[in-house]
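# Take this sequence and fold it.
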Amino acid sequence: MDSTLEANLSDVEGRILAFLRGRRRGATAKFIAVKVGGSLELVRRALERLLTYGAIERRGKFFRVRGRRRPPSRSVAQRLNVGSAERKYLSA
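Purely as a prediction, here's the structure:
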């Protein structure tokens, strides 16, 4: 691979990781390309490199879901027709 392309890929990978860390929802490759300011092809290559098994192992903390599971809200429990005593068991 050309050294400038390698440098661009590394830069785009860093911007993708920074963008996804600050985002709660997922994103399509086109949306990521617009937000990080790269071409779709460059973003596609960077995503392929980021999503290999080894990369996920090295950067696993960025792909894990943060926080604890919450019990369902009162409105969800009402839709399910569940009492408050049963709500805490739904979250387990």
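# Provide the backbone phi and psi angles at G22.
For G22, the backbone dihedrals (degrees, to the nearest 10) come out as phi -90, psi 10.
# ok, it - how many residues close by?
Here the count is done by other C-beta atoms under 10 Å, and G22 has 7 residues near it. For the C-beta atoms, the positions are set from N, CA and C on the backbone; glycine is no exception.
# what's the neighbour count on E13?
Residue crowding around E13 was assessed by other C-beta under 10 Å; the count is 20.
# pretty sure it is in contact with E48, am I right?
No. Shown here, E13 and E48 do not form a contact pair, counting by C-beta atoms under 8 Å, at 10.4 Å.
# Show the low-confidence segments of this protein, by residue range.
Along the chain, the parts satisfying pLDDT under 70 run over 1, 53-92.
# try it again with 50
Applying pLDDT under 50 to the predicted model, the residue ranges of the chain that meet it are 61-66, 87-88, 92.
# just the strands in it please.
When assigned using DSSP state E, the chain turns out to have no strands.
# got a list of what the nearest residue to L9 once chain neighbours are set aside touches?
With sequence-adjacent residues excluded and distances taken as C-beta to C-beta, 6 or more residues apart in numbering, L9 is closest to A46, at 5.3 Å. By C-beta atoms under 8 Å, 6 or more residues apart in numbering, the contact set of A46 is 9, 12-13, 16, 38.
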